[in-house]
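Colleague: Structure for this input, please:
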Amino acid sequence: MNNQTVEKLRQMRLYGMHDAFKTSLENTLKEQMTQDQFIFHLVSSEWDNRRNRAIDRAIKAAIFRYNASLEDIDYTFERGLDRNQVDRLAALEFVKESKNLFITGPTGTGKSYLATALGYKACQEGYRVIYASTAKLMSALKIAKVKGTILNEFKRIERADLLILDDFCMQAFDSQSRGILMDIIEDRHQKRSTIITSQVPVKGWYDAIGEKTVADAILDRLVHHSLRVELYGESIRKRKTKDENNYQ
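Modeller: Have a look, this model is predicted:
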């Protein structure tokens, strides 16, 4: 009967219960619990299994460039990164309130890492996240427009609770990219959160976007109720290399 139960749990795709029940047959765990405790153990195992699988799917769907964790952020380098501020951001209240977050600073100061770490945390909290290099996203959406699939892409981006636009304004926007960016920002305005990382200070975005009327419209929607993290200093990678060389 136990073997039949294990097989039925597997066929019903109750993998958490399946593994927990199968393990209980291999040890004395079941005998150490009351009936209510054992049922709670099985249900909790299924709950955890489903939650972990959902997180894995969310992380995979986000298409992050690399792994990042808030716990691994290095605060020893002088770069204007405040632990208390990061802890507040990690609570993801800005996502719940549909606010935007700008992370600016020179290359190598950890902008993309911080944004990605917040993205991972959002996935773990059940939010839908999309990470994209801004230039690559614009190129992909231009191709989608030619193929006639751009509306589907816009809907996918609009549904994301958190959109991370990395390396914003690294390239000047052409007329087509400006229109695409305007559509994205308009769809998400006051409904979803966007994290933007950029080497260009916010005051320089106007010129990079170009076309006064469109730039005004985009920045008015982006900057309103936004939060900011402004980093400074030399590239962490360069400083680590210097430290290693000095140590040697």
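Colleague: Now the helix or strand harbouring Arg88 - C-alpha only, CSV.
Modeller: Using DSSP states H and E, Arg88 sits in helix 83-90. Output of helix 83-90 as CSV, limited to C-alpha atoms (Å, rounded to 0.1, in the frame of the first residue of the first chain):
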residue,chain,number,x,y,z
ARG,A,83,23.8,49.2,4.1
ASN,A,84,20.7,50.7,5.7
GLN,A,85,19.5,52.0,2.4
VAL,A,86,20.1,48.6,0.7
ASP,A,87,18.2,46.9,3.6
ARG,A,88,15.3,49.2,3.0
LEU,A,89,15.3,48.5,-0.7
ALA,A,90,15.5,44.8,0.1
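Colleague: how about the helix or strand just after it: buried residues?
Modeller: Per DSSP H and E, the first helix or strand lying C-terminal to helix 83-90 is helix 93-96. Residues of helix 93-96 classed as buried by neighbour count (16 or more other Cβ atoms under 10 Å): 94-95. Backbone N, C-alpha and C define where each C-beta goes, glycine included.
Colleague: Residues contacting helix 93-96, please?
Modeller: With contact meaning Cβ atoms under 8 Å, 6 or more residues apart in numbering, helix 93-96 is reached by 100-101, 122, 127, 161-162, 193, 227.
Colleague: Off-centre distance for it?
Modeller: 13 Å (Cα atoms, centre = their mean, to the nearest Å).
Colleague: With stretch 150-169 instead?
Modeller: Chain-centre distance of stretch 150-169: 12 Å, with Cα atoms, centre = their mean.
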